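Trainee: using only what follows, build the 3D model:
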Amino acid sequence: MSVLIASPDRASQSSLSSKAYLLIRERILRGKLRPGEVVSRRQLAEEFGISLLPVAEALKQLESDKLVESRPRAGTRVRIPAPEEVRGRCIVREALEAQSARLCCVHATMKERLDLQRMAEHLDTLYLRFQDDDDLELQFVVHTQHFELHMRIAEYARCPELKQAIETNNVLIHNWFFDIAAERRALPRGFHNQLLQAVAGSDPLAADEAMRSHVQYGVAETLQKMVPSAKNDWRLRR
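Mentor: Prediction:
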């Protein structure tokens, strides 16, 4: 029986594509590449010190993730999310994360509940600083901490399939992306601490309800700010 083994060149190509994917996605999530902004393959390849092929493969994956979009003979740009997409993603996120909160409330240990509460308090402190600071690095730290908090809730829910569904559907990455696109910064004081009081409590239904309210907060404002750009004709550099 023959065994197929990837050639060193192919393995190296895959590694470079993964590296390019993470680097480009990070630029989008840092707000350095804004919705509607041109993504030049050639420029990125030069900056990363790699060939065009890994960058093209990375952009193909990012297009599958719905973070960029391409058109024949035009090029690639960071996607401008449509309002219906935002609504749909929020519905999916609410369904998955409400169940995650419910199960976390049932299964998390006392140590894990305290861990979540500490993370929530720290995140709320960062958000207070973030509201009055235009530092992109701080913005990235805040969103990273937010992502980690919600993934930790999913981990403590003790359902690997549910956690995988949250990751596979990119619900938290898209929430992050929508916040950047809408330039949403302000949140009520103690916003995440209030959520975790319910999730770390003893009532799964209260945890479910708290997460649904948490996810729904600010959606109408985000939709209002994310009106599709009037500049729909785009001719971009490859």
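Trainee: and the protein, what are its domain boundaries?
Mentor: 15-78, 83-225 (automatic domain parsing).
Trainee: report the mean confidence score over the longest one.
Mentor: Across domain 83-225, the average pLDDT comes to 93.
Trainee: follow-up on the earlier one: make JSON lines from the domains of the chain and add mean neighbour count to it.
Mentor: (Each C-beta comes from the backbone N, C-alpha and C, glycine too.) As requested, these are arranged in JSON lines below (neighbours: other CB atoms under 10 Å):
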{"stretch": "domain 15-78", "mean neighbour count": "17"}
{"stretch": "domain 83-225", "mean neighbour count": "17"}
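Trainee: I'd say F48 and K19 touch.
Mentor: Yes: contact criterion CB atoms under 8 Å: F48 and K19 qualify, at 7.4 Å.
Trainee: confirm that V106 lies within a helix, as I assumed.
Mentor: Yes: assessed with DSSP: H, G, I helix; E, B strand; the rest coil, V106 lies in a helix.
Trainee: hang on, the earlier thing: what's the overlap in contacts for F48 and K19?
Mentor: Common neighbours of F48 and K19 are not found (criterion: CB atoms under 8 Å, 6 or more residues apart in numbering).
Trainee: for this structure, which segments count as strands?
Mentor: 68-71, 75-78 (DSSP state E).
Trainee: can you check which of the ones you listed gets nearest to K32?
Mentor: Shortest distance between K32 and these, using CB to CB, is found for strand 75-78: 10.1 Å.
Trainee: which strands and helices sit next to the closest one?
Mentor: strand 68-71 (3 or more CB pairs under 8 Å, 6 or more residues apart in numbering; DSSP states H and E).
Trainee: what is the mean pLDDT for the strand it packs on?
Mentor: So the average pLDDT for strand 68-71 ends up being 94.
Trainee: contacts for that strand?
Mentor: Counting by CB under 8 Å, 6+ apart, 24, 28, 39, 59, 62-63, 76-79, 234 sit against strand 68-71.
Trainee: same deal with stretch 18-36?
Mentor: Against stretch 18-36 from outside (CB under 8 Å, 6+ apart): 39, 44, 48, 50, 54-55, 57-59, 61-62, 65, 67-68, 77-81, 136-137, 139-140, 143, 173, 176-177, 180-181, 229, 231, 234.
Trainee: I'd like the distance from it to the chain centre, please.
Mentor: Computed by CA atoms, centre = their mean, to the nearest Å, the chain-centroid distance of stretch 18-36 equals 11 Å.
Trainee: hey, C-alpha coordinates of it in CSV?
Mentor: Below are the C-alpha coordinates for stretch 18-36, written out as CSV (Å, rounded to 0.1, in the frame of the first residue of the first chain):
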residue,chain,number,x,y,z
SER,A,18,-1.0,30.1,6.6
LYS,A,19,1.5,32.8,7.7
ALA,A,20,0.1,35.2,5.1
TYR,A,21,-3.4,34.4,6.1
LEU,A,22,-2.8,35.2,9.8
LEU,A,23,-0.9,38.4,8.9
ILE,A,24,-3.5,39.8,6.6
ARG,A,25,-6.4,38.8,9.0
GLU,A,26,-4.6,40.5,11.8
ARG,A,27,-4.3,43.7,9.8
ILE,A,28,-8.0,43.6,9.1
LEU,A,29,-8.8,43.0,12.8
ARG,A,30,-6.4,45.7,13.9
GLY,A,31,-8.3,48.2,11.6
LYS,A,32,-5.2,48.8,9.5
LEU,A,33,-7.1,47.4,6.5
ARG,A,34,-10.5,49.0,6.6
PRO,A,35,-13.7,47.8,5.0
GLY,A,36,-13.6,48.8,1.3
